Structures are given as C-alpha cells and as structure tokens.
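Asks: Provide a 3D model corresponding to the input given below.
(2 chains)
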Amino acid sequence: MSMIVTATAIAENAILAAKNCLEKAKLPIEEVGLLINAGVYREDNMVEPAISAFIQKELGLNLDYVKNNNGKAAFSFDLLNGACGVLNAVQVAQASKLSHVLIVTGNKNPRYACIGAAMLLGRSQDETQGFGHVYTRASMGGYVGLKGYTRLYQPDSRTRVTLEEDPNYESQLTDFTASCIKDLRSAEITLVAPARCGHKLEIACVDTAYENQDSRVAGPIVGYQAAIGRPKPLLFVAGGAGLSAAWTLYS
Amino acid sequence: MIQSRFEALGSYLPETRVSTQELISKMKFTPPFDLEAITGIRERRMRSPQEDSFTIALNATQDVLKRSRYAASELDLIISCSICRIKDQTDNYWEPSFALFLAEKLGAKKAIHFDVSNACAGMMTGVYIADRMIRSGLIKTALVFSGECITPITETAIQEIDNPLDPQFASLTVGDAGAAVILDQAEDDQDRIHAIEIMTCAEYSHLCIGKPSDQSGAPALYTNNREMHKEERIRLWPALQMDHLKARGADFESEHFDYVIHHQVGTRAIQNFSKYAESIFGTPMPEALSCVENFANTATTSHFLVLHEHLKQNKIPKGSKILFVPAASGLVTGFVSATISNLEA
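Replies: Below is the predicted model of the structure:
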C-alpha cells in the first residue's frame, strides 16, 4: 500500500506543528506507530535522548506501554540528514508497513526559518496515489559545501553552532540537485523545490521557502502546503550539505 | 516473504585501558560508594587524543567490510548511529550526516545515507530501519555502524561531580568502542532476524540528558539513575514482547533462545533485567552474555560488542538464537531476535 499525506502543519515549533497536524487529521493520537524527527538544529545542542522523545511526550503519544494497557506502542527517533531528512523519513515510513507515521521538523538555527513542521502519513489502497520511490544521490566528489557543527569545550558550546559555508555552495548545490532531476521535468509535473532549482531548470516551481527564508529541513512540508491545489504529480526535491540530494514524485 | 539477517560484524576498541579505580583517583570529589562493586565495571577503553567518533567509526566499518562478502560500493544503505558525532577531536557535527562522511571515505557511492540519533538504542534503531527496508524490498544490503566516542562525558564528570547525588555519576560507567554490522537478505533459517520491535515510552524522556556542560562546554550526561532503572521501567520490554508472542500464539519458552544480550549498564542491572523478565514471562531467562566488566557501557555499540567478543572467543555455537534487549534514554526498549550462524569475529 502506498503512503499518502493525511495532513500537514507549520507552526512556531515542532511540538505545536505536530499537535496541529494531528488535530487536522482527526486521528486518535494512539494510532501513530512511528514518530520521526528530522530536525537538525536543536535546543541546547542536545545529543541525548532523541528530540523525538520530547515531542512524543508533549503529544501524549503512547507514553508508557504498561500503564496505557491498550496494546499500543509508539517508536520515535531522530533522523539527521540535513535538508534531505524529511524525504529519508518518507523512505523509512514506506518500509515500516505502519498505518500512520508522523514526520516532524524543528529548527533552532536563526540562519534558517525557525519553524516547526509536521506531516502525517497514512496508507492508501490506491497504488497510483501517494509517494513514489524516493531517490537519493551524493556528489561524492570531496566537496561538502556546508558544515554545521558545535565546537565543544567552549563557554558557549551549549548554544552555539558554527556554519562553514563555501561561497559557491548554493550554486553548486543548485547545479547538483537540478542535474539529479533534469530528466524528470515535464509539463505535467509540479516541481516543489527551492526556487533557484526551478530557475536553473527553467520550469515553474512551488518554492519551499517560508516567508522568504530558507526553510531547509522543513522544505518538503512547507512546499507541500504551498502546492495544495496545484496539478499532480508533485516532484519534491531536497538538497543539502555533502552534497546530498533526494527526490520523489507524489501523485 | 523477504527477511533480513546479520551478514557480517565488525568492531573496534581503542587500546588505552583505564580502570575504575584510576578514574576515581582523579576525582576531586570522592564518591561515598564503591562504584566498581555497584556496577561490576573494572575497566573501560578510552580514545587516544587523536581519536574521535569519526576515526572509531572508520576502524569499525573497515573491520566489518573485511569480513563481508560485499564491497562498500555494493551497499544500498548506510546509517550512522552514534550519540556524539565528533570529528577533528572537538567538533560535534550536525550536517552533513556522519553516514555521508563514512560513505565517501569507504567508497559507498550509491548508498542511501543518513544518521539516526536515539541515545543508547541508536544501533538497534539503525538495525530496525535496515531490517524494515530489506523486508519491504526497497534495499538489499545495509551497513549500520557507530563510532561511539563517549568517554569525553567521563572526563567532564571527573572534573564536575561535587556531591553524592550528582547527576553525572552514570558518566563514569561508559567506554569507547566502535561497532558495525552489515545486513542483507536471509537465505535460510540458520541466519535470520526473526523479529524487531522497539518502542519509546516517552513519559520518561527527561531522565537522562546529554548536552554540553554549562560549566565547561565539554560533553556531559545528566542521569537520574534511580528513576531510570526502576523495576517498573524494566518491566516495559517483557510486556511488549509477551504481547507480540501472544499475538502469534507463542510464548517465551517456545522461542528457545540460547542467549540474551542486555544493554550493558552494569552487572547488577543486567541481573535485574533478567530477574524481572523471568517473573513476567514465568520461565527462566537464557544465559545473559556480557562484557561490561572489561569494556563498561559502550552506549550504542554495547550489544554488538558483546556479540563480537563472544564470537571471538568461540563461545557462541552456530545456529544460536539470540535475544537483544535495548534500554536507552527516551525511554527506548524492545527486542530483537535473531539466529546467527555465519558471523565471524
């Protein structure tokens, strides 16, 4: 069975976005079997536990298997792959065979839109609907373009993130992501990607920016909302440090 | 129906051995209890000044590739699972993914790559994902690895612990280690992952937090040990596994496990895991394999380090059925059951 988008939401943070998304979907919370947080930059530069566990707790999602006593369990973890994380999470959701998977993102790095985004995925009997195969590619040329890290042992290690961005990163990334999907462009598809990717390919594009800010990891979710009502299939494209790209069609 | 198996296993241990006594002797505040007696941990391995998550991961992944029938270029998926992602000794990476750094270094050009972060359940989470993706037919091969460079939290604890109830005591019980496992499609019952079910009981997400110290910016872990390992938490895994067994008309005894590998928290904790499970399943637990005395709690790599050490000593006969039980902050627990015949160490 294919994986379809049941609801999406954008909010100030990941928890609010997740709550709004579940409300829109009118799905009893305990039916969510898997929660994947694809957000990269987080509060206090925390490495343990997964931020997904805090989101799960705030949602009240199957918090204690024994006390719940309803036979429902939920699994959650963080999946990190820069701007490609949401599409990687879609891959995991597709493989999971679970009925309902919630993908969330949050961002605490002011360089990018500080928003939370959530996308609830469900199953459809109709194989012609939903996400298709997710493709990924890494440039593997030794050019990383962007590095984001926390330098430890500094007085501000808990709050600071260093971003090392090559001056040519954006143009290199645009060339790379555009080269990944150039054979897929057609009059029938709606491209959902950073606007510069559409410019490069000279096709119309639903921009994944949020209020003119780079929405980064939240891109596919922001783009999905912006593309509501546009002709399908949607061609989602995400690209980030590495260089690394992921793309998929949504029908 | 496609199923997965553990195809190859690799590990890496830094050379430097540090005893618990040596750690305690360096502390400004002397603990009012015998840490070695409580945990059973005699010593652990600690990284050299040149080592970090990246170098430890590279050693472990190169080790697994030596034993695998697959070349790096044949891998479909690479997942990095360590808690810290420290490269160049001091930089904890957020992007690009550590999996990509390793994929590039190893030459895994076509692999899907991403990191997972799920505290000490990281590698089990990676194995869960790899298993599901192999079963669904999306991929055929996966490398799941962790370069666990965790002893920086020990050094922080030595410097910062200043009272008998300090939340950094658990940081004295960890050790560095790398582990890597390759999964592919099962060919027969002698090598097969039978079941993987993992859950997060997020009511307890606040009990163990890892982040830079507010005093020094060094990696630090703050744990409420007493709450974390209460009996009612330990009972979560058997409850989940029993329900899954019941659903297919089975029980623990009929599973015929030869060994159980618990998360390596300490000797007493491991005994407690089995003790409580016995009372719930109503049947004796299989022999618990452990190497916590010599290597301490190596976080994400603990189960696979135990497996590796026992295979190396020829203590696991071919065809053994093993139960792996994760236990991690989040709170994450569950079970992985697998029969193992062709793994070598």
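
Asks: quick one: the strands in the stretch 151-300 of chain B?
Replies: B:177-185, B:192-200, B:208-212, B:219-223, B:259-262, B:287-288 (DSSP state E, counting those that start in this stretch).

Asks: One more: chain A?
Replies: A:2-11, A:34-37, A:75-80, A:101-105, A:116-124, A:135-138, A:146-151, A:162-165, A:190-193, A:205-207, A:234-240, A:244-250 (DSSP state E).

Asks: B:I261 is nearest to which of those?
Replies: strand A:75-80 (19.9 Å; CB to CB). Backbone N, C-alpha and C define where each C-beta goes, glycine included.

Asks: My guess is B:I198 contacts B:A328. True?
Replies: No: counting by CB atoms under 8 Å, B:I198 stays clear of B:A328, with 9.4 Å between them.

Asks: quick one: which of the two has more around it?
Replies: B:A328 (28 against 25; other CB atoms under 10 Å in any protein chain shown).

Asks: domain parsing for chain B?
Replies: Under the assignment named as automatic domain parsing, the residue ranges that make up the domains of chain B are B:4-185, B:192-340.

Asks: Point out the most buried one among the ones you listed.
Replies: Ranked by mean neighbour count, the domains of chain B are led by domain B:4-185 with a mean of 22 (mean count of other CB atoms under 10 Å in any protein chain shown).

Asks: and the end-to-end length of it?
Replies: Terminal residues of domain B:4-185 are spaced 4 Å apart (CA to CA, to the nearest Å).

Asks: try stretch A:79-89
Replies: One end of stretch A:79-89 sits 7 Å from the other (CA to CA).

Asks: if we can go back for a sec, overlap of the contact sets of B:I198 and B:A328?
Replies: Both B:I198 and B:A328 are contacted by B:A121, under the criterion CB atoms under 8 Å, 6 or more residues apart in numbering or on different chains.

Asks: if we can go back for a sec, could you dump the strands of chain A to a markdown table with mean neighbour count?
Replies: Output for the strands of chain A, formatted as a markdown table (neighbours: other CB atoms under 10 Å in any protein chain shown):
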| stretch | mean neighbour count |
| --- | --- |
| strand A:2-11 | 20 |
| strand A:34-37 | 28 |
| strand A:75-80 | 29 |
| strand A:101-105 | 29 |
| strand A:116-124 | 24 |
| strand A:135-138 | 21 |
| strand A:146-151 | 20 |
| strand A:162-165 | 13 |
| strand A:190-193 | 24 |
| strand A:205-207 | 21 |
| strand A:234-240 | 27 |
| strand A:244-250 | 24 |
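
Asks: May I see the ones you listed organised as a markdown table, with distance to B:S48 and mean pLDDT added?
Replies: Formatted as a markdown table, those follow (distance: least, CB to CB, whole Å; pLDDT from 0 to 100):
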| stretch | distance to B:S48 | mean pLDDT |
| --- | --- | --- |
| strand A:2-11 | 46 | 97 |
| strand A:34-37 | 34 | 98 |
| strand A:75-80 | 27 | 98 |
| strand A:101-105 | 37 | 98 |
| strand A:116-124 | 41 | 97 |
| strand A:135-138 | 30 | 97 |
| strand A:146-151 | 20 | 98 |
| strand A:162-165 | 25 | 97 |
| strand A:190-193 | 44 | 96 |
| strand A:205-207 | 48 | 95 |
| strand A:234-240 | 32 | 97 |
| strand A:244-250 | 31 | 97 |
